Each structure stands twice: as C-alpha cells, then as structure tokens.
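1. Provide a 3D model corresponding to the input given below.
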Amino acid sequence: MGMEDETRDFLVLIVNTIALILIWMIANVLIGIYFGLAFFNKMPDWKNILYYLFFILTLYLLIRRTRKKWKF
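-> Model (predicted):
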C-alpha cells in the first residue's frame, strides 16, 4: 500500500522547491539583516552594493532553476 511513483515524485519536487527557496531566504536574511548589509548609513557602501548584486544574481539563478525543474 505505497504511494504511486508519479505522486511521490511530484511531492518530492514540491518539498525540494520549498526547501530551496527557504534556504535562499534564510541565507539572505542572515547576510542582509544580521550582518547589516541590507541597510545604508547615509550612502551605500561597496559592501551594500555587493550584497544587492549577490541578492539579484542568486534570485535570478533560483528562479531559473525552479522554472527548469518544474517543466515536465
């Protein structure tokens, strides 16, 4: 009485996608808020700019990977 293979594969895909997005969000919150790189003092520092470039690049890669995985 096990689960069908297609259903199991679909649920694993959902769980993997959610886990990947949560890990990405946790990492960006940690880097941005905990280390203070998401906030500007008066003007953006080179560290802030590097953080936001990293944020945008990883968001693009995350979306690209997720869309590629979800194409059947």
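2. And residue 6, its phi and psi?
-> In terms of degrees, to the nearest 10, the main-chain angles of residue 6 are phi -70, psi -40.
3. From residue 12, how far out is it?
-> As judged by Cβ to Cβ, to the nearest Å, residue 6 and residue 12 stand 11 Å apart. Backbone N, C-alpha and C define where each C-beta goes, glycine included.
4. cool, residue 56 as well?
-> Counting by Cβ to Cβ, the gap from residue 56 to residue 12 is 29 Å.
5. What of residue 3?
-> Counting by Cβ to Cβ, the gap from residue 3 to residue 12 is 10 Å.
6. cool, residue 19 as well?
-> Counting by Cβ to Cβ, the gap from residue 19 to residue 12 is 10 Å.
7. Equivalent analysis for residue 52, please.
-> 33 Å.
8. the more surrounded of these two?
-> residue 52 (14 against 10; other Cβ atoms under 10 Å).
9. what pLDDT does that one get?
-> pLDDT for residue 52: 97.
10. elements contacting the strand or helix carrying it?
-> In this assignment (DSSP states H and E), residue 52 forms part of helix 46-70. Counting contacts by 3 or more Cβ pairs under 8 Å, 6 or more residues apart in numbering; DSSP states H and E, helix 46-70 packs against helix 5-29.
11. if we can go back for a sec, for residue 19 and residue 12, list the residues in contact with both.
-> The contact sets of residue 19 and residue 12 do not overlap (Cβ atoms under 8 Å, 6 or more residues apart in numbering).
12. What pLDDT does the model give the residue lying closest to residue 11 once chain neighbours are set aside?
-> Leaving aside its sequence neighbours, residue 11 sits nearest to residue 3 (Cβ to Cβ, 6 or more residues apart in numbering; 7.9 Å). Looking at residue 3, its pLDDT reads 75.
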